[in-house]
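*Asks:* From the sequence below, what's the structure:
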Amino acid sequence: MHITSRQHFFDYLAQTSDFPLAIEIEKAEGVYLYGPDGQTYMDFISGIGVSNVGHRHPRVLKAIYEQLDKYMHLMVFGEYIQSPQTALAAALAETLQVETPHPSPFGLINNIFFTNSGTEATEGAMKLAKRYTGRTEIISFFNAYHGASQGALSMAGAEYFKTNFRPLLPDTRCIERNNIADLQKITTKTAAVFFEIIGGEAGIRLSDPEYLKLLRERCTETGTILVVDEIQTGFGRTGTFWAFEGAEIYPDIVLAAKGMGGGMPVGAFMASQKLMSVFKNNPILGHITTFGGNPVSCASALATLQIIKEGNLSAQATHKGEILRQNLNHPLIKEIRGKGLMIAVELENFDLLKKVIDRCIQKGLITDWFLFCDNSMRLAPPLIITEERILQGCQIITDALNEVSLNQ
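*Replies:* Numbering: from 1, shown residues only. So this is what the prediction gives:
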């Protein structure tokens, strides 16, 4: 008997919900995904913020093939000199040499520790902050998401996702974005504050400029390390290469992943050499990884960085995001939030949103919702998307809204 991929998907692949999309994809190219029977889907979420330069970008593929001809895994991170790692680290460090009116007390970020994912970047940054400060308290924000491992989950800003996995890390607490009074909860007992310039899974929540300035000042005043999570916002998505550039504050540690690898698994936590050097002793090898900085992933990430920089895709994200927002007008839309090509379209409730998302998929457009904001539609197409495709996508969403509205 012939066993289909669909059967294997449900029989053997661990499931994370009772209602997966279960769309079979045979090929992906640019902004499109293709099913085995000729179905075509425009990817309006970039695989959740991953495919910033589109699927299978020719320069990314070329970098991968060239590296495959040389070597793959050689040794655990940090022992051998591997040119894909060193070239990517240097290129990342260059993007982080940013002048700002609100600098870090630790200086410019110039040291890169490569990981396999954003969650691992979070874990490494937590360890680094604790090791450097000698403190244990970690502060994050309500409705924030920094990963699914137990340390990262301890900082999740919604109890629903944590309660059945307790006990988690002690000395973690949440404060509220844009609440200036809450900044007093950051004290000399706080090792680090983990912060998203734009709250991703909260449904694209922006930060007040004055609040950002005061957050930076409070961390500096108390000797607290400010960790900016750029896992979703980095690599050009919000109109600047890093979202903190638009915020005019400078972090002490930056986290990256998702859009970094051009589709390959890679992440990083990045800090000044002054901070990162504490991993060298007491204990030696204070943080280690086997596959972090995989040379093929690093080659892919370097090509991705160069494509974004040379194509000025960050600035294009601002213009394209404006086009997208201007062409989404419907009575069912309560609010549109966002910056660049990182956008949330708020509807009345999840049931309504799910109907719209399902209609969009039927019409050939992939979208989604947010972990902590399930009444808002996630829109984050690849940065390479053309204006024509943006308009096409907006029309599909509008048509889906119209059809759902008629059945209300």
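*Asks:* For the stretch 251-400 of the chain, which segments are assigned as helices?
*Replies:* Along the stretch 251-400 of the chain, counting by DSSP state H, counting those that start in this stretch, helices occupy 273-276, 295-310, 313-326, 350-362, 387-406.
*Asks:* I'd like to know which of those helices lies nearest to Leu88.
*Replies:* With C-beta to C-beta as the criterion, Leu88 lies closest to helix 295-310 of the helices of the stretch 251-400 of the chain, at 4.5 Å. Just so you know, the C-beta spots here come from the backbone N, C-alpha and C atoms, and that holds for glycine as well.
*Asks:* For the helices of the stretch 251-400 of the chain, state which one has the densest average packing.
*Replies:* Across those, the average number of neighbours (mean count of other C-beta atoms under 10 Å) peaks for helix 295-310, which reaches a mean of 24.
*Asks:* which regions of the protein sit below the pLDDT cut-off?
*Replies:* Scanning the chain for pLDDT under 70 picks out 1-3.
*Asks:* Would you map out the domains in it?
*Replies:* 5-56+313-406, 64-310 (automatic domain parsing).
*Asks:* most tightly surrounded among these?
*Replies:* domain 64-310 comes out most buried of the domains of the chain by mean count of other C-beta under 10 Å, with a mean of 20.
*Asks:* Phe350 against Ser376, yeah?
*Replies:* No: the pair Phe350 / Ser376 is not scored as a contact, 9.4 Å apart, by C-beta atoms under 8 Å.
*Asks:* okay, and the common contacts of those two?
*Replies:* Trp369 (C-beta atoms under 8 Å, 6 or more residues apart in numbering).
*Asks:* With respect to Phe114, which of the helices of the stretch 251-400 of the chain lies nearest?
*Replies:* Going by C-beta to C-beta, the one of the helices of the stretch 251-400 of the chain nearest Phe114 is helix 295-310, 6.9 Å.
*Asks:* Outside of that closest one itself, list whatever touches it.
*Replies:* Counting by C-beta under 8 Å, 6+ apart, 52-53, 57, 59-60, 62-64, 66-68, 70-74, 82, 84-85, 87-88, 91-92, 95, 114, 235-236, 241, 259-266, 313-314, 383 sit against helix 295-310.
*Asks:* For Leu215, which residues are in contact?
*Replies:* 183, 193, 195, 226, 249.
*Asks:* Surely Val228 and Phe244 touch.
*Replies:* Yes: between Val228 and Phe244 a contact is recorded at 5.2 Å, counting by C-beta under 8 Å.
*Asks:* Which neighbours do these two have in common?
*Replies:* 197, 251, 254.
*Asks:* would you turn the residues you listed into a markdown table with distance to Glu217?
*Replies:* Output for these, formatted as a markdown table (distance: C-beta to C-beta, whole Å):
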| residue | distance to Glu217 |
| --- | --- |
| Ile197 | 16 |
| Pro251 | 13 |
| Val254 | 19 |
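*Asks:* Out of those, which is nearest to Asp11?
*Replies:* Nearest member of these to Asp11, counting by C-beta to C-beta, is Val254, at 41.1 Å.
*Asks:* For the residue nearest to the closest one when sequence neighbours are not counted, give its distance to Trp242.
*Replies:* Excluding the flanking residues, the one nearest Val254 by C-beta to C-beta, 6 or more residues apart in numbering is Met270, at 4.7 Å. Separation of Met270 from Trp242 (C-beta to C-beta, to the nearest Å) stands at 10 Å.
*Asks:* Next, show the common contact partners of the two.
*Replies:* 96, 254.
*Asks:* I figured Val76 hits Gly293, correct?
*Replies:* No: the criterion here is C-beta under 8 Å, and Val76 misses it with Gly293 at 9.3 Å.
*Asks:* quick one on the thing from earlier: compare the helices of the stretch 251-400 of the chain and report which one is nearest to Glu99.
*Replies:* Nearest of the helices of the stretch 251-400 of the chain (C-beta to C-beta): helix 313-326, 16.9 Å.
*Asks:* List the residues that contact the residue lying closest to Pro36 once chain neighbours are set aside.
*Replies:* Of all residues not flanking Pro36 in the chain, Glu26 sits nearest, at 4.6 Å (C-beta to C-beta, 6+ apart). By C-beta under 8 Å, 6+ apart, the residues touching Glu26 are 34-36.
*Asks:* quick one: which of these sit in strands?
*Replies:* Tyr34 (DSSP state E).
*Asks:* Quickly name whichever of the contacts of Glu26 is closest to Asp11.
*Replies:* Pro36 (18.2 Å).
*Asks:* Just to check, the closest one is in contact with Glu24?
*Replies:* Yes: here Pro36 reaches Glu24: they are 5.7 Å apart, a contact under C-beta under 8 Å.
*Asks:* what's the spacing between the spatially closest residue to Gly286 that is not a sequence neighbour and Leu285?
*Replies:* Counting by C-beta to C-beta, 6+ apart, the nearest residue to Gly286 once its immediate chain neighbours are dropped is Phe279, at 3.6 Å. For Phe279, the distance to Leu285 equals 8 Å [C-beta to C-beta].
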